[in-house]
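# heads up, no residue letters with this:
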């Protein structure tokens, strides 16, 4: 008799026995074999040497990639629940991978069992409810493509290859956030596999504590397999990419500061990445207007600067595909909330790019990127339902951001690069504070925080509440076996 024929309650009993006698082993293959024997035939366990295993353990950043004992591709939420109970019983570390875009070590990688949600790949549009139920194994390109036939979209990622799961469980800033808020502000429900293996639907009314915690709290409360989000009508949009060489940066600085100061139309957005690659600085700016044609004058100053431009009326998906993401590097993000990109602030960020670009050229770094993310003061006004992140939505949280990304190749440079990035982020924050911007206590976006970030810096006073919810939901500390930010 295989474990497949044993009822879930009996497996729970076996897990309790394992735990009571202290069963724990570093022979993770035994856990892999138990999962393979227990789940339905639709779910699969793969081992090193197979293409499926290679795909399952592959992550965008090599800092978050490691060999696992096996990979597990569950076909349904019930099999996720069986696996969770076995992982708990064997005390085997595991990781949950959706799109695999986290850069922090161990966040979606493990030496134990790699759970790959690749089979959770459906997008189901409900026209009457104006919602879409989305599998957590998808990347945003898949989602936008599936919804385009209905002329609707959701508030999702700005890059086509970013995964749905980590993005929506961590907050989610979008080109549409000026109009509709963050991704977490637009979530209707989750399908959640609880740490005890139970599959349940989480809404604001059915489980208000879990609904609060999941929106910004990642995998502390179980494994979310689908998310249902509000949809919005989506026509063609206007926008595209504009590339400025270093000799045009002064003009770009002025145009950016003027845009931020004068444009309050929530349909308008710009996103700029200031890059230093192989000794050369350049700026890639994505201009976006959520309609086929923008009002006269909004982007004129930015477009008047000599540059390489690819701007037109186009599909929303084509805008998402413009932002490049270099994979295969060791990577680290840093995040600094600010109130406004004044002229001096933009100039300072450019100086940081050049200074640290030169500093890091002595290492194995191949990418130094400082991104400008200006959004409107109304950013956090789109939801009255509290969320784990952002747990605070007051004026002191900033509504614009500097996102820093370093990419390098040699693991021996990890610590030095972490120190340089930390120093740069601290300098940017202090510059904003010294300029009178009210961001000294602003929370850091957990999806772009380096691995040594204190939980309180991301969740503030909400941390104690989140820890209480986690303790109630997961008294056996099952989810502590997985990587990520842990309450």
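Done, it's in. Since we're looking at a predicted model, the values are computed, not measured.
# excluding its backbone neighbours, what's nearest residue 409?
residue 364 (4.4 Å; C-beta to C-beta, 6 or more residues apart in numbering). Bear in mind the C-beta positions are built from the backbone N, C-alpha and C, glycine included.
# Hmm, the one you found is touching residue 406, no?
No: using C-beta atoms under 8 Å as the test, residue 364 is too far from residue 406 to be in contact (10.6 Å).
# who has more neighbours, the two?
residue 406 (28 against 16; other C-beta atoms under 10 Å).
# who does the more buried one bridge with?
Bridge pairing for residue 406 (DSSP bridges) gives the partners residue 332, residue 368.
# What's the local residue count around the spatially closest residue to residue 243 that is not a sequence neighbour?
Of all residues not flanking residue 243 in the chain, residue 308 sits nearest, at 4.3 Å (C-beta to C-beta, 6+ apart). For residue 308, the neighbour count with other C-beta under 10 Å is 11.
# Residue 251 too?
Neighbour tally, residue 251, other C-beta under 10 Å: 16.
# list the contacts for it?
Contacts here follow C-beta atoms under 8 Å, 6 or more residues apart in numbering; on that basis residue 251 touches 244, 305.
# quick one: secondary structure of it?
Per DSSP: H, G, I helix; E, B strand; the rest coil, the local secondary structure of residue 251 is helix.
# got a pLDDT number for residue 26?
Looking at residue 26, its pLDDT reads 75.
# Report the contact partners of the residue nearest the centre of the chain.
The centre of the chain sits closest to residue 167, judged by C-alpha atoms, centre = their mean, with a distance of 3.2 Å. With contact set as C-beta under 8 Å, 6+ apart, residue 167 has these partners: 99, 101, 140, 156, 157, 183, 447.
# Now do stretch 260-277: distance from first to last residue.
Stretch 260-277 has an end-to-end distance of 27 Å (C-alpha to C-alpha, to the nearest Å).
# Might one say that residue 252 is in contact with residue 282?
No: using C-beta under 8 Å, residue 252 makes no contact with residue 282, being 10.6 Å away.
# which SS class is the residue nearest to residue 236 when sequence neighbours are not counted?
In space, and not counting its chain neighbours, residue 236 is closest to residue 292: 4.7 Å by C-beta to C-beta, 6+ apart. Three-state assignment for residue 292 (three-state DSSP): coil.
# Can you point out the buried residues in stretch 114-130?
For stretch 114-130, a neighbour-count test (16 or more other C-beta atoms under 10 Å) marks 114, 115, 116, 117, 118, 119, 120, 123, 125 as buried.
# model confidence over that stretch, on average?
98.
# same check, this time on stretch 97-109
Per-residue scores along stretch 97-109 average to 96.
# Can you pull out the residues in contact with it?
56-61, 63-66, 68, 95-96, 114-117, 136-139, 161-167, 325, 331-333, 447, 450-451, 483-484.
# In strands, which of these fall?
95, 96, 114, 115, 116, 331, 332, 333 (DSSP state E).
# Just the closest of the residues you listed to residue 174, please.
residue 333 (17.0 Å; C-beta to C-beta).
# Spit out the contact partners of the nearest residue to that closest one once chain neighbours are set aside.
Nearest residue to residue 333 in three dimensions, chain neighbours excluded: residue 448, at 4.1 Å (C-beta to C-beta, 6+ apart). Shown in contact with residue 448 (C-beta under 8 Å, 6+ apart): 333, 334, 335, 403.
# hang on, the earlier thing: quick one: which of the ones in strands among the contacts of stretch 97-109 is nearest to residue 262?
residue 333 (29.8 Å).
# so what's the closest one up against?
Residue 333 touches 103, 403, 404, 405, 447, 448, 449, 450, counting by C-beta under 8 Å, 6+ apart.
# okay, the fifth one: pLDDT?
The predicted local distance difference test score for residue 447 is 98.
# and if you look at residue 2?
Reported pLDDT for residue 2: 36.
# quick one, helices of the stretch 351-487 of the chain?
Applying DSSP state H, counting those that start in this stretch to the stretch 351-487 of the chain gives helices spanning 414-434, 455-459, 463-473.
# Tell me the buried residues in the second one?
By neighbour count, and taking 16+ other C-beta under 10 Å as the criterion, the buried residues in helix 455-459 are 455, 458, 459.
# now the first one
By neighbour count with 16+ other C-beta under 10 Å, helix 414-434 contains the buried residues 417, 418, 420, 421, 422, 424, 425, 427, 428, 429, 431, 432.
# for stretch 468-482, same thing?
469, 470, 473, 474, 478, 479, 481, 482.
# I'd like the buried residues of helix 455-459 as a markdown table, with pLDDT and distance to residue 203 appended.
Shown next, in a markdown table, are these (pLDDT from 0 to 100; distance: C-beta to C-beta, whole Å):
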| residue | pLDDT | distance to residue 203 |
| --- | --- | --- |
| 455 | 98 | 26 |
| 458 | 98 | 25 |
| 459 | 98 | 22 |
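# for those, which one is nearest residue 172?
Nearest to residue 172 among those, with distances taken as C-beta to C-beta, is residue 458, at 14.4 Å.
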